[in-house]
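Enquirer: Sequence and predicted structure, then a few things I'm wondering about:
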Amino acid sequence: MRDTIRDTWANPAFSQLVKVVNKLVSVVFLVGSGNVNYSVRSELTTADDVLQVDVPESYPNLVYKILAAYLWIYENYPEKFVLKMDSDTVILMDKIEPLLVNSTTKNMQCYAIIKAKPERCASNRWYVPESVYPAPYFPDYCSGPAYLMTPVALDAILHIAPKEQV
């Protein structure tokens, strides 16, 4: 999947934003730790666009993996916008350029989920027991497959994340 992304929408040949000359956009692929297969281990040594974070690769750890990536971005690219995307999502990079104008607000461009209730049916894939999350509603959140945030929004998320139950 990463090679397909590198060959298509993240390829400088298809986007002015990704061109090495301008380098307005850096594409970074995120992988967790633990049981990574041979091809991923090989890619980590040869590709300069893969970030491995020290969070075991599993669905329940996804929020921690993303927070680790956010911290890395904050430390390495503090003035940059963040576009978080699922690997099965395609974007026309040059179309987002107008959104990259005001980095001083806490803006996020996303599909917001508001007042969502935790799934309480134990047989459901998204089951969340009350012992894990007792509140009747989740905090409002951005749903995938993609969202764009300003550096100020990233800073705000990183400052509140340790205080919240994730």
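Expert: That came in fine, so what should we check first? Numbering: from 1, shown residues only.
Enquirer: could you pull out the helices for the chain?
Expert: Using DSSP state H, the helices of the chain run over 2-7, 38-46, 62-76, 151-160.
Enquirer: between the longest strand seen in the chain and helix 151-160, how many degrees?
Expert: Longest strand in the chain by number of residues (criterion: DSSP state E): strand 141-149. Between strand 141-149 and helix 151-160, the angle comes out at 140 degrees (axes from the mean of the first three to the mean of the last three Cα atoms, to 10 degrees).
Enquirer: Strand 141-149 pairs with which strands, and in what direction?
Expert: Here strand 141-149 is paired, per DSSP bridges, with strand 82-85 (antiparallel), strand 108-113 (antiparallel).
Enquirer: now the helices of the chain in JSON lines, with mean neighbour count and mean pLDDT?
Expert: Just so you know, the C-beta spots here come from the backbone N, C-alpha and C atoms, and that holds for glycine as well. Shown next, in JSON lines, are the helices of the chain (neighbours: other Cβ atoms under 10 Å; pLDDT from 0 to 100):
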{"stretch": "helix 2-7", "mean neighbour count": "14", "mean pLDDT": "88"}
{"stretch": "helix 38-46", "mean neighbour count": "11", "mean pLDDT": "82"}
{"stretch": "helix 62-76", "mean neighbour count": "16", "mean pLDDT": "92"}
{"stretch": "helix 151-160", "mean neighbour count": "16", "mean pLDDT": "90"}
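Enquirer: Which among the ones you listed is found nearest to residue 100?
Expert: Ranking the helices of the chain by proximity to residue 100 (Cβ to Cβ) places helix 151-160 first, at 10.8 Å.
Enquirer: Now for this structure, the helix or strand with the poorest mean pLDDT.
Expert: Across the helices and strands of the chain, mean pLDDT, DSSP states H and E gives its lowest value to helix 38-46, namely a mean of 82.
Enquirer: Since that was my last question, I'll sign off now.
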